[in-house]
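**Q** For reference, the sequence and a predicted model appear below.
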Amino acid sequence: MRWIRESWRRLRSLTRGSALERGLDEEIRFHIERQTDKHLRAGMTRDEARRQAYLEFGGVEGIKERTRDEFRPALVQDVLLDVRYGVRALRRAPLFTGVAALTLACGIGATTAVFTVVHAVLIKPLPFRDSDSLVSLKHTAADLNGGPPVGMCLSLFLTYARENRSFEELGVWAPGTGNVSNGVLPEEVATLNVSAGALRALGVQPATGRWFSDADDAPDAIETVILTDGYWARRFGRDPAIVGREVTVDSRPRVVVGVMPASFRFLDETPDLLLPVRIDPATLTLGGFNYEGLARLAPRVTAEQASADIVRMLPLWVEAWPSFPGFDRSAFGGMSPLVRPLKQELVSHVGNMLWVLMGTIGIVLVIACANVANLVLVRAQDRHREMAIRAALGARRGRLAQQVLVENLLLGLLGGALGLLLASAGLGVLTTMGAGSIPRLHEITLDPIALVFTLLVTLSSALLFGSIPVARFGGRRLNVTLRAGGRGASDSRERHRARNILVVVQVALALILLVGSGLMVRTFLALRAVPPGFTDADHVQLARVTLPEPQVHDPERVLQLQREIADRLAAIPGVAGVSFTANVPMAAERSRSAIYREDVPVSDQGAPPLRWFRFVAPGFFRTIGTPLLAGRDFTWVDLEERRPVAVISEGLARELWREPRAALGRKIREGSGSPWREVIGVVGDVYDDGLHRQAPAMVYWPSFMETFQGQPLYVRRAVTFAMRSTRAGSESLLAQVRTAVSGAIADVPLTRVRTLGDVYRRTLAATSFALVMLAIAAAAALVLGLVGIYGVIAYAVTQRTREIGIRAALGASRREIESMFVRQGVMLALAGVVCGLAGAAALTRLMASLLFGTSPLDPAIYALATVGLASIAALAAWVPARRAALVDPMLTLRGE
Amino acid sequence: MLVLKALQLEPMHGWGISERIGQWSEHVLQLGQGTLYPALYRLERQGLIQSEWNVTENSRRARYYALTRQGRRQLEAELTQWRRTSRAVNQVLDATTP
């Protein structure tokens, strides 16, 4: 109770402070008057009486101050006073305040922006209930391909669903496209084929209607669809009566059973429609790994236990299902599970880069703080006399330190507030630049945790740069300064040491960042130098056209229409070549199958390895610029007569037959039931897995075949047209393309409109993102570091003007004086460079996985960064040194 | 304690208190008069005295301090304590035999 009353009193006295103050004044005045009267009555003169009264009372201001201490919460009041004083002091020095606050804002803003990304992408749990128990199911299949892990096939899913002992829910999903055609214009939409279990595992309820149930996955169920919020709004204007209505997808009517909430995201997919996975066990075989697996672990089951469970189930699966056509059952025996937390699966590939980025930005922040500390030190130097006077007037040392700290905190908060503005602007830039290379981008917002982080960063950096002057001056005997008189503070060695250390640290950190960004530049150049397997990609326009079965039933008619479209496109002025493919290079549009060769008996081949393949039309290689190394390209006759022919990549030819020419005339096929197909041509490799990986071996099939994997009259209905034109990417060309396509067939939309250059740049996106971020950080660090050197030398020059004057008077030449200061700057820079080189060698190891065509210890980069930094540092020192050399000895000495 | 004692009989203003203490102690305890004020404010904060503005005999406004009930109790307690201590000290000092 007591403390409540007490704090209430104190609080009230804060607001009533001035009333109490007046009371105290009046009381003291009254006291003095009475005492004076008393002395008057004793016969003193008025002046004498007054003097005596004051003497007896003691120092009025000191008494007042001590009395005030009694009636108000001193700390709060002092801090408020300090704040007011600090604001005034900062406003009196707008240049200092501006530079310091902006420097801090850059550091804090960048750190906040990057932390927000790191937090949203790497740290924050996925936005699903109890998301730690969500796992992705993949498998490595050493015997099948030895390549990257594969996902799930439907037979495997059914086996797991029946036999598992470790999953609460289990499902499969795969992205796809569909053609929605009721009502207005037909449009291609992004679909997500997802089994009921996958939705249950995620645990997101639909906004209206219901989820898929296992019944929807049955082969004979009524076909159903769930809309996402975006599509519901876009296509149906949020019609509340949508559930139960029919939507025609790929010419088949489907009943809408639900709408997902606006917040729903399926990992990084942004589908329009969710479709059930219709599973007919009667048609399933081993293999066909076209799905991703997703599961929720049962309570108290770890990923390792689930993994062991799968090891147990895999042989059951191999026993239970017929083998994939053309595959020996034993090929599926060598699979092993890869059970990973879903979040890790989603973000692990950018984790390293983001942490490197975070570290980088952290370094920039430290440099910024060092710079501000330097500024604050200079200012503290200038205000040393003020401090000394205040100390002499009775301010306690702690009180002065408190005031300096409050002032620096204010500066920090100002920087932090500006930094927050910068961060929100920077986040926009980051998310734009990171699109395509960073997952979970839609989850990035300046959330409360980011705000708390900013505040913490602000406070700790304010303490970092604010405590340095306090530590330097707090302990000194301030009256020494007063005695030093009008000459200003003596130029103490230890204070210089503080500033020099700051500069050395700055230069060292700047060098680390310079080396880091140099390595990224090197990586980027090395990647750009890799010939991707096509030429002048910016002049290749791509547009996808799908001819759905209900619209064009006959496969031969599909090919005719596609050829007609190609001819119409070729007639557009300025289009130099036209062809089409079912799978755009570098766009992750491709499939794999086993490839058998005729010249080696099956028994000697073992399980034939899986190879990538894609379907192309005649002229495709010429259009995108893939060189033909041997033999010939497909012709329209090959397609129309459905000849069994194939083209293979150089890599595959060399692997199987040592050289491209030797491959011609050999025969291969994709399944034991298919005809042998003659290799008629060998083309250059395409870096399909990205420029930093080896180009994969590739088989090219014609886009229309007699039979493929057991399906007769196989035609690709969704193909991407490629045309070479200098107008690629322009609206005018696109308009002409649309006219050309609709001239051949009405109501078919153009989708995935882009240039091959866009596809190419996407593969570089992660590298260029890291490069740009590191380059910005390094540039900032460099500028800050140089400003630091400049500041130290310039300050030294002003401090030592008198000394310079004497030296000049004693006959030192300008050159000698100049080189004295340049030498000081260069020595600082060199000390920083030595520390920086050691730091860089230690830290760049962490970014090894981001590098290509260089090593973390690339001597050229280190040498370049060192020489560059040292020479720029010399320049930064030379500018103020020159000013020193121009000092007129007579003027300075007379000025004394 | 001295301030409390000075206020035991009647409410008084600051100057009055310092005068009273001076008189009683025959000016032995005449410290810096100013030091009285922090003490007054502290005692008021502790709730041992309370103050109000009043008009003096020469019709000047002045702040009068008065003992609160708690202040009286505190004074009693301190006086008892003091007497006991000072008696003990006196006995030691007056002792003649070793």
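**A** Nice, thanks for sending it over.

**Q** can you pull out the strands in the stretch 351-500 of chain A?
**A** Assigned by DSSP state E, counting those that start in this stretch, the stretch 351-500 of chain A shows no strands.

**Q** do the same with chain B
**A** For chain B, the strands defined by DSSP state E occupy B:12-13, B:49-55, B:61-67.

**Q** tell me the mean pLDDT for the first one?
**A** Just to be clear, that refers to strand B:12-13. Summarised as a single mean, pLDDT over strand B:12-13 is 80.

**Q** can you check stretch A:824-833 too?
**A** Rounded mean pLDDT across stretch A:824-833 is 87.

**Q** what does stretch A:875-887 give?
**A** 81.

**Q** which outside residues touch it?
**A** Residues outside stretch A:875-887 that contact it (Cβ atoms under 8 Å, 6 or more residues apart in numbering or on different chains) are A:786-787, A:789-790, A:793-794, A:796-797, A:800-801, A:804-805, A:808, A:814-815, A:817-822, A:824-826, A:828-829. To be clear about C-beta, it is placed using only N, CA and C from the backbone, and glycine gets the same treatment.

**Q** Out of the residues you listed, which end up buried?
**A** Among these, those classed as buried by 16 or more other Cβ atoms under 10 Å in any protein chain shown are A:786-787, A:789-790, A:793-794, A:796-797, A:800, A:804-805, A:808, A:817-818, A:820-822, A:824-826, A:828-829.

**Q** hang on, A:Pro531 in a helix?
**A** No - counting by DSSP: H, G, I helix; E, B strand; the rest coil, one finds A:Pro531 to be coil, located in no helix.

**Q** pLDDT at it, what is it?
**A** pLDDT, A:Pro531: 88.

**Q** what number of residues lie near it?
**A** Neighbour count of A:Pro531, defined by other Cβ atoms under 10 Å in any protein chain shown: 14.

**Q** who are the neighbours in contact with it?
**A** A:Pro531 touches A:Gly684, counting by Cβ under 8 Å, 6+ apart.

**Q** swap in A:Tyr714?
**A** Counting by Cβ under 8 Å, 6+ apart, A:Tyr714 has contacts A:555, A:704-708.

**Q** could you redo the last one with a cut-off of 7 Å?
**A** Contacts for A:Tyr714 (Cβ atoms under 7 Å, 6 or more residues apart in numbering or on different chains) come out as A:705, A:707-708.

**Q** Now the strands of chain B in JSON lines, please, with extra columns for mean neighbour count and distance to A:Ile572.
**A** Shown next, in JSON lines, are the strands of chain B (neighbours: other Cβ atoms under 10 Å in any protein chain shown; distance: least, Cβ to Cβ, whole Å):
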{"stretch": "strand B:12-13", "mean neighbour count": "21", "distance to A:Ile572": "105"}
{"stretch": "strand B:49-55", "mean neighbour count": "14", "distance to A:Ile572": "98"}
{"stretch": "strand B:61-67", "mean neighbour count": "18", "distance to A:Ile572": "99"}
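
**Q** So for chain A, which of those strands sits nearest?
**A** strand B:61-67 (5.2 Å; Cβ to the nearest Cβ).

**Q** So what pairs up with A:Val247 in the strands?
**A** Taking DSSP bridges as the rule, A:Val247 bridges to A:Arg254.

**Q** What distance do you get for it to chain B?
**A** 78 Å (Cβ to the nearest Cβ, to the nearest Å).

**Q** So what's the residue count around that residue?
**A** By other Cβ under 10 Å, neighbour count at A:Val247 equals 24.

**Q** so where is the stretch 601-750 of chain A shaky, pLDDT-wise?
**A** Residues of the stretch 601-750 of chain A that meet the criterion pLDDT under 70 lie in A:602-607.

**Q** for the residue of it found nearest chain B, phi and psi?
**A** Nearest residue of the stretch 601-750 of chain A to chain B (Cβ to the nearest Cβ) works out as A:His692 at 73.8 Å. When read as degrees, to the nearest 10, the backbone of A:His692 gives phi -90, psi -10.

**Q** Okay, A:Glu564 and A:Met698: tell me how far apart.
**A** If you measure A:Glu564 against A:Met698 using Cβ to Cβ, to the nearest Å, the figure is 28 Å.

**Q** What of B:Ala95?
**A** Separation of B:Ala95 from A:Met698 (Cβ to Cβ): 115 Å.

**Q** of the two, who's got more company?
**A** Taking other Cβ under 10 Å, B:Ala95 and A:Met698 do not tie; A:Met698 has more neighbours (23 against 8).

**Q** ok, for the more buried one, nearest residue in space, not its chain neighbours?
**A** A:Ser649 (4.0 Å; Cβ to Cβ, 6 or more residues apart in numbering or on different chains).

**Q** wait, the one you found sits on A:Ala697?
**A** Yes - look at A:Ser649 against A:Ala697 with Cβ atoms under 7 Å: they come within range, at 5.8 Å.

**Q** Find out how far the longest helix belonging to chain B is from the centre of the chain, if you would.
**A** Scanning chain B for the helix with the most residues, using DSSP state H, yields helix B:69-94. The chain centroid and the centroid of helix B:69-94 are separated by 14 Å under Cα atoms, centre = their mean, to the nearest Å.

**Q** do stretch A:820-838 as well
**A** Chain-centre distance of stretch A:820-838: 34 Å, with Cα atoms, centre = their mean.

**Q** ok, now how distant is B:Tyr65 from A:Arg666?
**A** 115 Å.

**Q** sorry, that was for A:Arg622
**A** Taking Cβ to Cβ as the measure, A:Arg622 falls 23 Å from A:Arg666.

**Q** Kindly report the same for A:Val243.
**A** A:Val243 is 57 Å from A:Arg666, where distance means Cβ to Cβ.

**Q** Over to A:Tyr700?
**A** In terms of Cβ to Cβ, A:Tyr700 sits 15 Å off from A:Arg666.
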